[in-house]
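Q: got a structure for you, letters missing:
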């Protein structure tokens, strides 16, 4: 069965622009979580969506937002990009119960110049 | 709030020797604990998890982890390291009683020396 698919894989944007990243979860998975990975900070939790509702949110500014569609696909948007937003953005899907593991996509490498 | 600590940024082990990657956690309630591995330019791959029951959990690629409630630890172990085990390892915790988000440690880079 297909894994978690993230598009695009690589992205270069200019400061002040906005960007939208996409994530297609594993079929049947209803939970999608987003993480930002940087060398200094490790994996930082952004938010989690379950059945189109935001279930948890991390400590990121309001420039970071997301949504989930009825088919469980999710998008993440970052507005007014800053140089510090350069990172690997990872999406993870799971069945949604607390005791289930998450499956990660390969990530989107965002570079802000 | 829950948290995870991986005290070592890097661990070096000779091929064939046993390896241990350390993880300690803090939760208000009961923990669900996970280990993931990340190879270069890839997403994270699930290795194993502790939910309940036996404190020794076996996972993929010969890895295992021991849950120690009194020490709030969940160390990853392997009896005999392979060069191909070289990667970045993440410990993660979810406090099932209070919050559903999974929190990750900062990662430990494992170098297996031939």
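A: Yes, it's here. Treat the numbers as computed from the prediction; the structure is a model and nothing was measured.
Q: SS state for the residue nearest to the spatial centre of chain A?
A: The centroid of chain A falls nearest to residue A:34 when counting by C-alpha atoms, centre = their mean (3.2 Å). Secondary structure state of residue A:34, per DSSP: H, G, I helix; E, B strand; the rest coil, is strand.
Q: What distance do you get for it to chain B?
A: Plainly put, residue A:34 is 11 Å away from chain B if you go by C-beta to the nearest C-beta, to the nearest Å. The C-beta positions use only the backbone N, C-alpha and C, and glycine is treated the same way.
Q: how many other residues sit next to the nearest residue to that residue once chain neighbours are set aside?
A: Among residues not flanking residue A:34 along the chain, residue A:46 sits closest, at 4.1 Å (C-beta to C-beta, 6 or more residues apart in numbering or on different chains). When counting by other C-beta atoms under 10 Å in any protein chain shown, one arrives at 23 neighbours for residue A:46.
Q: Which residues belonging to stretch B:29-39 are considered buried?
A: B:31-38 (16 or more other C-beta atoms under 10 Å in any protein chain shown).
Q: returning to what we had before: for the residue nearest to the centre of chain A, name its beta-bridge partners.
A: residue A:47, residue A:91 (DSSP bridges).
Q: Go ahead and confirm the residue nearest to residue A:34 touches residue A:76.
A: Yes - here residue A:46 reaches residue A:76: they are 7.0 Å apart, a contact under C-beta atoms under 8 Å.
Q: anything in contact with each of the two?
A: Taking C-beta atoms under 8 Å, 6 or more residues apart in numbering or on different chains as the criterion, residue A:46 and residue A:76 both touch A:34, A:64, A:66, A:89.
Q: you'd agree the third one is up against residue A:45?
A: No - using C-beta under 8 Å, residue A:66 makes no contact with residue A:45, being 11.9 Å away.
Q: Between these two, which is the more surrounded one?
A: residue A:66 (22 against 18).
Q: got the buried residues for the helix or strand containing that one?
A: In the assignment (DSSP states H and E), residue A:66 maps to strand A:64-68. By neighbour count on 16+ other C-beta under 10 Å, the buried set for strand A:64-68 is A:64-66, A:68.
Q: cool, and stretch A:90-97?
A: Under the neighbour-count criterion of 16+ other C-beta under 10 Å, stretch A:90-97 has A:90-96 buried.
Q: what stretches of chain A score poorly on pLDDT?
A: Residues of chain A that meet the criterion pLDDT under 70 lie in A:1.
Q: nearest to residue B:113, of the buried residues of stretch B:29-39?
A: Taking C-beta to C-beta as the measure, residue B:37 is the one of the buried residues of stretch B:29-39 closest to residue B:113, at 18.0 Å.
Q: List the beta-bridge partners for that closest one.
A: Beta-bridge partners, per DSSP bridges, of residue B:37: residue B:45, residue B:89.
Q: what's near enough to touch it?
A: Contact analysis of residue B:37 by C-beta under 8 Å, 6+ apart lists B:44-45, B:47, B:87-90.
Q: okay, among those, which ones form the most distant pair?
A: B:47 and B:88, at 12.0 Å, using C-beta to C-beta across the contacts of residue B:37.
Q: what residues are up against the nearest residue to residue B:69 once chain neighbours are set aside?
A: Spatial nearest neighbour of residue B:69, chain neighbours left out: residue B:55 (8.0 Å); criterion: C-beta to C-beta, 6+ apart. By C-beta under 8 Å, 6+ apart, residue B:55 lies in contact with B:66-69.
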